[in-house]
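Peer 1: Here's my sequence, what's the structure:
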Amino acid sequence: MNHYQFAICRRPSKNSALGLTSADLGVADPKLLVEQHNQYLSTLVDIGLEVTLLDALEEFADSYFTEDVAIVTPEVAVITRPGAMQRRRETEYIENSVAKFRDLERIQNPGTLDGGDVLVVNKHCIVGLSDRTNHDGAIQLSAILAGYGYHTDIVTVPEALHFKSSVNFVDEHSLLVTQSCYSMDCLAQYRKLVVPEGEEYAANVVWINDIVLMPEGYPGTRRLLEENGYKVREMPVSEISKMDGGLTCLSLRLT
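Peer 2: Reported below is the predicted structural model:
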């Protein structure tokens, strides 16, 4: 399920520090943000992915968060309708790249959906309702994926921008979660590893080809993963985190 071959990423714009953020972590350094993004790209290549790197969109400061504008499964890609008005037109600039790999479906008005709120594990999809994703968008995605044999659960996102700020898979049967999401009924079928208190940001990890990419600076979470047999690589994301970003949202990953 997890052997990815391709990734679609976009260069950060010169205006990346002017993007949307609710984080109270200070102003991002655009130069350092680009350096951290470049290290992410190099890591994807190093672990075997062919990366399609799209040009920066200077009009859209958040457009390097490519995961928010499309949901990609092995069968189909769904172009989203971002919840933030400033990001709506980003979808126009991702469609052609995604269409090279998958047939496309689309979320329609009045639905809103951010990819950061959608976790797909095998044939199970979980959509988090948040400030960016509404019930109509979740229902539309559920209906689209049902046609390909997926079951979708819809939950409320607790105390985070996106669902995947708090829950991500680290293999086909296991999730890394924050304590606030541990008791969700839709997660009962999975083994759950809970990030230590104070390291909630570290739940935003990406499992790619048997390697878990995690944000650097969270020793408790790294220890938890390694003690459970996972190969871990830490990634610098200090500037990306200032923009409400995480490792999951920096690429669209495709098998």
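Peer 1: A138 - nearest residue in space that isn't next to it in sequence?
Peer 2: Nearest non-adjacent residue to A138, counting by Cβ to Cβ, 6 or more residues apart in numbering: V127, 4.1 Å away. Backbone N, C-alpha and C define where each C-beta goes, glycine included.
Peer 1: list the contacts for the closest residue in space to F6 that isn't next to it in sequence?
Peer 2: The shortest distance from F6 to any non-neighbouring residue, by Cβ to Cβ, 6+ apart, is to L254 (4.3 Å). By Cβ atoms under 8 Å, 6 or more residues apart in numbering, the residues touching L254 are Y4, Q5, F6, A7, I8, V72, F101, R102.
Peer 1: Only whichever of these are buried, select them in ChimeraX.
Peer 2: Applying 16 or more other Cβ atoms under 10 Å to the contacts of L254 leaves a buried subset, and the ChimeraX line that selects it is:
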select :4,6,7,8,72,101,102
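Peer 1: closest to F60 among the contacts of L254?
Peer 2: Closest to F60 out of the contacts of L254 is I8 (15.4 Å), distances taken as Cβ to Cβ.
Peer 1: which residues does that closest one bridge with?
Peer 2: T52, L252 (DSSP bridges).
Peer 1: rewinding a little: can you read off the pLDDT for the residue nearest to F6?
Peer 2: You'll see L254 listed with a pLDDT of 97.
Peer 1: How much space separates it from I211?
Peer 2: From L254 across to I211, the span is 17 Å (Cβ to Cβ, to the nearest Å).
Peer 1: Please apply the same query to H173.
Peer 2: Distance, H173 to I211, by Cβ to Cβ: 17 Å.
Peer 1: okay, these two: which has more neighbours?
Peer 2: Taking neighbours as other Cβ atoms under 10 Å, H173 and I211 compare with I211 leading, 17 against 11.
Peer 1: give me the number of residues near the closest residue to that one other than its chain neighbours?
Peer 2: Leaving out its chain neighbours, the residue that sits closest to I211 by Cβ to Cβ, 6+ apart is K231, at 5.0 Å. Neighbour count of K231, defined by other Cβ under 10 Å: 12.
Peer 1: can you check V170 too?
Peer 2: As a burial measure, V170 scores 22 neighbours (other Cβ under 10 Å).
Peer 1: is it fair to say it lies in a strand?
Peer 2: Yes: under DSSP: H, G, I helix; E, B strand; the rest coil, V170 sits within a strand.
Peer 1: For it, give me its contacts.
Peer 2: Contacts of V170 by Cβ under 8 Å, 6+ apart are L176, L193, V205, W207, V212, L225, Y230.
Peer 1: Turn those residues into a markdown table, including secondary structure and pLDDT.
Peer 2: A markdown table is the format used below for the contacts of V170 (DSSP: H, G, I helix; E, B strand; the rest coil; pLDDT from 0 to 100):
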| residue | secondary structure | pLDDT |
| --- | --- | --- |
| L176 | strand | 98 |
| L193 | strand | 98 |
| V205 | coil | 98 |
| W207 | strand | 97 |
| V212 | strand | 98 |
| L225 | helix | 98 |
| Y230 | coil | 98 |
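Peer 1: can you name the two of those residues that are farthest apart?
Peer 2: Taking Cβ to Cβ, the two most distant members of the contacts of V170 are L193 and W207; they sit 11.9 Å apart.
Peer 1: Please list all residues in contact with the residue nearest to I211.
Peer 2: D210, I211, V212.
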